[in-house]
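Engineer: Compute the structure for the input listed below.
(one chain, ligands or ions: 1)
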Amino acid sequence: MHSAISIQQISKHYGALQALNDVSLTIEPGEFFGLLGPNGAGKTTLISILAGLVKADKGHASILGADVQKSFRDARRMLGVVPQELVFDPFFTVRETLRFQSGYFGIRNNDAWIDEIMANLDLTGKADSNMRALSGGMKRRVLVAQALVHRPPVIILDEPTAGVDVELRQSLWQFISRLNQDGHTIVLTTHYLEEAEALCQRIAMLKQGKIVALDTTANLLTRYGSAKKDGEGKTDLEDVFVNIMSGGAQ
Ligand SMILES: Nc1ncnc2c1ncn2[C@@H]1O[C@H](COP(=O)(O)OP(=O)(O)OP(=O)(O)O)[C@@H](O)[C@H]1O
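Structural biologist: Numbering: from 1, shown residues only. Predicted coordinates for the structure are as follows:
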C-alpha cells in the first residue's frame, strides 16, 4: 500500500533564503498528523509543494503514490487543502462557491454531497448568502467545505482555527475527527499546541526549514517534556515545543 504522503529530501530556496532544507517525511493512511513550527519555519511552503502550487528545487513528493509534479492531476484529486488565507470571489454565494470548486475537479451534480458538507459545518443557513456577507469564522468554514467537495482521502489543514471562536473550533474538530475515524488522513498545522496535543497521534516539528523532531505525541511528551515550574509536575506539548525549539532536540 502507498503512503498517504511521501516527502523525500525536499529542499526549496526563495532567493538566498532556504525555506526547506532536505526534508523527508512519510505519513501513513489514516494518521492524524501534526506539522508544527514557529512562524517562517516552512510549513506553508511544504504544503504548497504537496498541493503542486510551488515547485521544489530538489527531492520528490507524492500523495498516495502519485508524484505531485509528474502526476499532478492524480495527486491533486486525492488531496484536499484548507489554506491559511481567506481568498474568495465575494460575489458568489456559499453554494455557488462549492459548485464552482466541484467543477474545478470535473464533478457535476454534486449537490447532495455539498448539502451534507454544509450541514456538518453548520453552513446550511448561509447557503445562499454572498461570501462577502459572511463573518471571518463562517468564511473559514467555507474554506474547509471547499477542500472536501471532491471527497479527497488526504486532507491538509493549514491553521484552520486561526481567528475562530471556541464554539466553531470545537465543532470543526469534531467534524475533522469524524473524517479521520472514517479513514481520511489528516495533516494539521496549528499554533494552538493544546489542539495538536489532543488531536494528533504523531507530530513533526520544523525549525528554519529542517525537521528537528518527529515522533508520536506520547513519545515527544516523555522525551522532551519537563515538569512545569508551577509545581504541578504536568508537562504539555507547549513545554516540549519550547524545549525543542531552544535546541533540546537532535
Ligand atoms: N513566495 C515567497 N517568496 C519569498 N519568500 C517566501 C515566499 N514564501 C515564503 N517565503 C519565506 O519562506 C520562509 C518559510 O515560510 P512559510 O510560509 O513556509 O512558513 P510557515 O512555517 O508556514 O510560517 P507561518 O507559521 O507564519 O505560517 C519564510 O521565511 C518566508 O518569509
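Engineer: remind me, longest helix of the chain?
Structural biologist: helix 166-181 (DSSP state H).
Engineer: which is the next helix or strand following that helix?
Structural biologist: strand 185-189 (DSSP states H and E).
Engineer: does the most centrally placed residue in the chain have beta-bridge partners, and which?
Structural biologist: By C-alpha atoms, centre = their mean, the chain has its centre lying nearest to Leu157, at 2.3 Å. Here Leu157 sits in beta bridges with Val82, Leu188, going by DSSP bridges.
Engineer: Run a quick check on it versus Thr185, I expect a contact.
Structural biologist: No - assessed by C-beta atoms under 8 Å, Leu157 is found out of contact with Thr185, at 11.5 Å. (Each C-beta comes from the backbone N, C-alpha and C, glycine too.)
Engineer: For my notes, confirm Gln18 occurs in a strand.
Structural biologist: Yes - Gln18 sits within a strand when classified using DSSP: H, G, I helix; E, B strand; the rest coil.
Engineer: Could you double-check that Thr185 lies in contact with Pro152?
Structural biologist: No - with contact defined as C-beta under 8 Å, Thr185 does not reach Pro152; the gap is 9.3 Å.
Engineer: more crowded one of the two?
Structural biologist: Legend: neighbour count by other C-beta atoms under 10 Å for Thr185 and Pro152, higher for Thr185 (25 against 21).
Engineer: Now the more buried one: closest residue in space that isn't a chain neighbour?
Structural biologist: Excluding the flanking residues, the one nearest Thr185 by C-beta to C-beta, 6 or more residues apart in numbering is Ala4, at 3.9 Å.
Engineer: Count the neighbours of that neighbour for me.
Structural biologist: Residues within reach of Ala4, counting by other C-beta under 10 Å, total 25.
Engineer: Next: Val144.
Structural biologist: Counted with other C-beta under 10 Å, residues neighbouring Val144 total 21.
Engineer: Skipping its backbone neighbours, what lies nearest it in space?
Structural biologist: Excluding its sequence neighbours, the residue lying closest to Val144 (C-beta to C-beta, 6+ apart) is Val82, at 5.2 Å.
Engineer: hang on, isn't that neighbour packed against Pro152?
Structural biologist: No - counting by C-beta under 8 Å, Val82 sits too far from Pro152 to count as a contact (10.8 Å).
Engineer: Can you tell me the element His13 falls in?
Structural biologist: strand 5-14.
Engineer: Neighbouring strands - and their directions - for that strand?
Structural biologist: Within its sheet, and counting by DSSP bridges, strand 5-14 is paired with strand 17-27 (antiparallel), strand 58-63 (antiparallel).
Engineer: Buried residues, it. List them.
Structural biologist: Ile5, Ser6, Ile7, Ile10, Lys12 (16 or more other C-beta atoms under 10 Å).
Engineer: ok now do the second one, which residues does it touch?
Structural biologist: The reference is to Ser6. By C-beta atoms under 8 Å, 6 or more residues apart in numbering, Ser6 lies in contact with Leu25, Thr26, Ile27, His60, Ala61, Ser62.
Engineer: Which residues does it form beta bridges with?
Structural biologist: Note on Ser6: beta-bridge partners Thr26, Ser62, judged by DSSP bridges.
Engineer: per-residue confidence for it?
Structural biologist: Confidence at Ser6, expressed as pLDDT, is 98.
Engineer: and Val154, backbone torsions?
Structural biologist: Val154 adopts backbone torsions of phi -120, psi 130, taken as degrees, to the nearest 10.
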